[in-house]
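>>> sharing a model that was predicted from the sequence below.
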Amino acid sequence: MTASGRHPGTIGAGEGALHHPDVDFPHAAATALADSQLRANLGHATATIRDKRAAVVAEHPHWHGLRAAGAGIKDDVLARLDVHLEELERQLQAGGATVHWAADATEANTIITELVRATGATEVVKVKSMTTQEVGLNEALAAAGIAAWETDLAELIVQLGDDAPSHILVPAIHRNRAEVRQVFLDHMASAGIAAPADLSDDPAELAAAARTHLRDKFLSAKVAVSGANFAVAETGTLAVVESEGNGRMCLTLPDTLISLVGIEKVVPTWRDLEVFLQTLPRSSTGERMNPYTSFWNGVHPGDGPQDVHVVLLDNGRTDVLADTVARQTLRCIRCSACLNVCPVYERTGGHAYGSVYPGPIGAVLTPQLRGIDTPLDKSLPFASSLCGACEEACPVAIEIPDLLVHLRTKIADEAPRYDLQKAAFKAMKAVLGDPDRLARAERGTAVARRVLSRSGRVAGLPVLPSWTTTRDVPDLPERSFRAWWAARADVDGVDGDAGPCAPGEGS
Amino acid sequence: MSSREVILGRIRTALADVDAARPADTAARVYASQSVDDVVAHFCEMVADYRATVHRTTDAATTVAAVLADEVVSRLVVASDLAADLLAEVGADVEVVVDDPGKGVGLSARDLDTMDGVVTTARVGIAATGTVVLDHGTGQGRRALTLVPDLHVCVVRVDQVVADVPDAVALLDPRRPQTWISGPSATSDIELDRVEGVHGPRRLHVVVVD
């Protein structure tokens, strides 16, 4: 706990490759922006998913009603989160599940590691789960000698390539088919069944290679770890929404199932899912319905895992809840629609956000979960043009631009006073308030131009570095408007009432 | 203090601003099930749209037998309580294996992996999304049965088809295990191009019975 009494979460704790707390967003983004292959991959992928989403949202006659209902249901949950969690716990226990509570990432990792150890297993299969990435579970298990195999295709690509996820839905969105082929050829063999030597870069062939590679792991797995998309308080029903069937394999075949569930995943009633089962797939993969959704309720005799655990995770979520303005961040159902429509994300990709939660939702969620103590986390709420596309796409109507501004205000309030800015305005007042001083200053710019301007633009000024390292300043003119005007008046014999004309155009 | 008490305590502190008299259910539900003129025809269209093969028939047994012959199934697995008449026309060359974990004759995952296909019934069909829902009751088997074999033939009666998701949610029991299936297994993980066929059955036939 920090001096201020906060108990920040530790997201990204396990994502060493991803989290560089001292590198702020603009500097981290510069690497991605310079990578033309990455920008091409991202541009193609986000454009594809935007079009698909737009089509299935437009065809639904009740979209706005569903969106409002989703926001309302989540607000109802948050207003009585304690009551719903206690009910969820009762119902899970009644269904035969064991419920654990984890205040932070370390505790979650300890609980899960001990549960796996108790089974004697040395490997687990995993369903794609943002929450387990948030706590760095794979790294914690590895430290305990337990291999965690990611089974979602994109997660497999990231894991085999020793890479970091860059998107909530499609963690390997920054990789194109040729790169995926190379990762499979280079790394599958060391993790199990090798990729065929004649593997092409056809996505269907790549998917088939993943099927073969993972099938043996599924058939022999004793323990699986999952997250959950929803947890129904009144019945203790958990839901996993997926496409490939890897989720079903993990949820069904092993003897032991451990699910790590953020406390904000609870919904009050089974009926509430009629809303989210319509809005999540359309917002996420741009489909009317994802191929597979699984529901389970503790232990089902004769069907699936007979040893079922649910770990309820805080890890900074109660800090978000305590901020009455930003509380709505916890409505998020992790669909990733806001990433796909964001002009910043589309160009930088996910790694620059330094968190498993990239994009607009990451820019508001990460600094709240992790606290605003590092240069990276201070910079995230500024990684947006506030264009509003994210809010419009959000299926639970999170007011992301408003929250970004709210966080910017918090950061500015906590930061030292902007002395440089004050001094600059003071100097500007002195110069602009006196024609002679202005004329001297203007003559100064002509000198500055010869010093600063390279290839017709001005970049990387020693003053205001945080502005000019990421933005070019327009080239300084050869002479000021007033100097030009005075010269023109001398030539044409006019004294300034001929109206505005460009040089050479007047006569 | 246990972490349970710590977390619940943090939540109560965080919610100090919330009026205790706030109603529990304030969400406006200004939406309805999408309606279509011909629910069954729409269901068939939407199921086919997600690359499942749809067969509409009045003779389920003959259709099921024809699908199994076309798919060259030689080892078929079914739940012990699947109605026998559904398999009445299946050729003698097809070995039918019965899975009955309740009686201790459940197949292992590796056994299931040797099966060419599975035939089941369903609980609900959803027209708007092209979804079949199994609640793993009569005729549907435990969850692994419709997961490991590479071919799933799912028989849905027209009176089981509803218009939209809310209609299905109202019919289903959340205390049962459920699997909602919309097309064969698929992924969009490579360049967001949809590819059918990853870990679940790569071929899905939905037999709609009038």
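Arrived safely, thanks for sending. Numbers count the residues shown, from 1 in each chain, chains lettered A, B, ... in the order given.
>>> CA atoms for contacts and neighbours, from now on please.
OK.
>>> for the longest helix anywhere in chain A, what is the average pLDDT?
Counting residues, the longest helix found in chain A (DSSP state H) is helix A:36-58. Mean pLDDT, helix A:36-58: 93.
>>> for stretch A:128-145, same thing?
95.
>>> quick check: buried residues in that stretch?
A:128-141 (16 or more other CA atoms under 10 Å in any protein chain shown).
>>> and for residue 81, nearest residue in space, chain neighbours not counted?
Unless you meant another one, I'm taking chain A. Ranked by CA to CA, 6 or more residues apart in numbering or on different chains and with sequence neighbours excluded, the top spatial neighbour of residue A:81 is residue B:11, at 7.0 Å.
>>> not quite, go with chain B.
In space, residue B:81 is closest to residue B:139, 5.2 Å off (CA to CA, 6+ apart).
>>> pretty sure the one you found contacts residue B:86?
No - using CA atoms under 8 Å, residue B:139 is not in contact with residue B:86; the gap is 10.1 Å.
>>> returning to that earlier point: list the contacts for the residue nearest to residue A:81?
A:81-82, A:318, A:321-322 (CA atoms under 8 Å, 6 or more residues apart in numbering or on different chains).
>>> regarding residue B:31, what is its secondary structure?
Assigned with DSSP: H, G, I helix; E, B strand; the rest coil, residue B:31 falls in the coil class.
>>> what count of nearby residues applies to residue 29?
All of this refers to chain A. Residues near residue A:29, counting by other CA atoms under 10 Å in any protein chain shown, number 23.
>>> that's the wrong chain, I meant chain B
With neighbours defined by other CA under 10 Å, the count for residue B:29 comes to 15.
>>> just give the nearest non-adjacent residue to it, would you?
Here the residue nearest residue B:29, using CA to CA, 6+ apart, is residue A:69, at 5.3 Å.
>>> that neighbour is in what secondary structure piece?
Per DSSP states H and E: residue A:69 is located in helix A:63-79.
>>> check residue A:124 too.
Element membership of residue A:124, judged by DSSP H and E, is strand A:123-126.
>>> that strand: partners in the sheet, and parallel or antiparallel?
Sheet pairing here is set by DSSP bridges, and for strand A:123-126 it gives strand A:147-150 (parallel), strand A:223-226 (parallel).
>>> next SSE downstream of the last one?
Right, the one you point to is strand A:223-226. strand A:230-232.
>>> what's the answer for the first one, then?
Using DSSP H and E, the next helix or strand after strand A:147-150 towards the C-terminus is helix A:153-160.
>>> what about residue A:423, how many neighbours?
11.
>>> any idea how far it lies from chain B?
40 Å (CA to the nearest CA, to the nearest Å).
>>> for that residue, give me the pLDDT.
pLDDT, read off for residue A:423, is 70.
>>> which secondary element of chain A has the worst mean pLDDT?
helix A:465-468 (a mean of 63; mean pLDDT, DSSP states H and E).
>>> can I get stretch A:295-309 in CSV, CA atoms only?
These are the backbone C-alpha positions of stretch A:295-309, laid out as CSV (Å, rounded to 0.1, in the frame of the first residue of the first chain):
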residue,chain,number,x,y,z
PHE,A,295,-21.9,-21.9,-19.6
TRP,A,296,-21.2,-23.9,-16.5
ASN,A,297,-22.4,-23.8,-12.9
GLY,A,298,-19.9,-25.3,-10.5
VAL,A,299,-19.6,-29.1,-11.0
HIS,A,300,-21.8,-31.0,-13.3
PRO,A,301,-21.7,-34.7,-12.3
GLY,A,302,-20.5,-36.9,-15.2
ASP,A,303,-19.8,-33.9,-17.4
GLY,A,304,-16.6,-31.9,-17.4
PRO,A,305,-14.2,-31.0,-14.6
GLN,A,306,-15.2,-32.4,-11.2
ASP,A,307,-12.8,-30.1,-9.3
VAL,A,308,-13.9,-26.5,-10.0
HIS,A,309,-12.4,-23.3,-8.5
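>>> what residues does whichever residue of the stretch 351-500 of chain A sits closest to chain B make contact with?
Residue of the stretch 351-500 of chain A nearest chain B, by CA to the nearest CA: residue A:396 (11.7 Å). By CA under 8 Å, 6+ apart, the contact set of residue A:396 is A:67-71, A:74, A:331-333.
>>> as a markdown table, those with pLDDT would be great.
Below are those laid out as a markdown table (pLDDT from 0 to 100):
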| residue | pLDDT |
| --- | --- |
| A:67 | 98 |
| A:68 | 97 |
| A:69 | 98 |
| A:70 | 98 |
| A:71 | 98 |
| A:74 | 98 |
| A:331 | 98 |
| A:332 | 98 |
| A:333 | 98 |
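>>> turn the residues you listed into a markdown table, columns for neighbour count.
Shown next, in a markdown table, are these (neighbours: other CA atoms under 10 Å in any protein chain shown):
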| residue | neighbour count |
| --- | --- |
| A:67 | 22 |
| A:68 | 19 |
| A:69 | 24 |
| A:70 | 27 |
| A:71 | 21 |
| A:74 | 24 |
| A:331 | 21 |
| A:332 | 20 |
| A:333 | 21 |
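>>> follow-up on the earlier one: restricted to helices, list the buried residues of stretch A:128-145.
Secondary structure of these is defined by DSSP H; positions in helices are A:130-135, A:137-141.
>>> and the pLDDT at residue A:452?
65.
>>> ugh, wrong one, I meant residue A:426
On pLDDT, residue A:426 comes in at 76.
>>> what does it show for phi and psi?
With angles defined as degrees, to the nearest 10, residue A:426 sits at phi -60, psi -40.
>>> tally of neighbours for it?
11.
>>> show me the contacts for it.
Applying CA under 8 Å, 6+ apart, no residues qualify as near residue A:426.
>>> what comes up buried for stretch B:32-46?
The neighbour-count check on stretch B:32-46 (16+ other CA under 10 Å) flags B:33, B:39-40, B:42-46 as buried.
>>> for the record, mean pLDDT for stretch B:107-117?
Here the average pLDDT along stretch B:107-117 is 95.
>>> quick check, central residue of chain A?
residue A:358 (1.9 Å; CA atoms, centre = their mean).
>>> identify the residues contacting the strand holding residue A:124?
A:116, A:146-151, A:217-218, A:221-226, A:250.
>>> need the max-distance pair from these.
Within these, A:116 and A:151 form the most distant pair, 17.7 Å apart (CA to CA).
>>> of the two, which one has the most company?
A side-by-side neighbour count of residue A:116 and residue A:151, using other CA under 10 Å, places residue A:151 first with 28 against 24.
>>> ok, the residue nearest to residue B:29 touching residue A:275?
Yes - between residue A:69 and residue A:275 there is a contact under CA under 8 Å: 7.1 Å.
>>> okay, now the unreliable bits of chain A?
Residues of chain A meeting the criterion pLDDT under 70: A:1-18, A:416-422, A:424, A:449-473, A:491-507.
>>> so if we follow the domain assignment, how does it break up?
What automatic domain parsing lists as the domains of chain A is A:25-318, A:420-501.
>>> what's the most buried one of those domains?
domain A:25-318 (a mean of 21; mean count of other CA atoms under 10 Å in any protein chain shown).
>>> please tell me how far it is from the chain's geometric centre.
Offset of domain A:25-318 from its chain centre (CA atoms, centre = their mean, to the nearest Å): 14 Å.
>>> now swap in stretch B:61-75 and tell me
On CA atoms, centre = their mean, the centre of stretch B:61-75 falls 20 Å from that of its chain.
>>> return the member of the contacts of residue A:396 nearest to chain B.
Among these, and counting by CA to the nearest CA, the member closest to chain B is residue A:69, at 5.3 Å.
>>> that's all I had, so thanks and see you.
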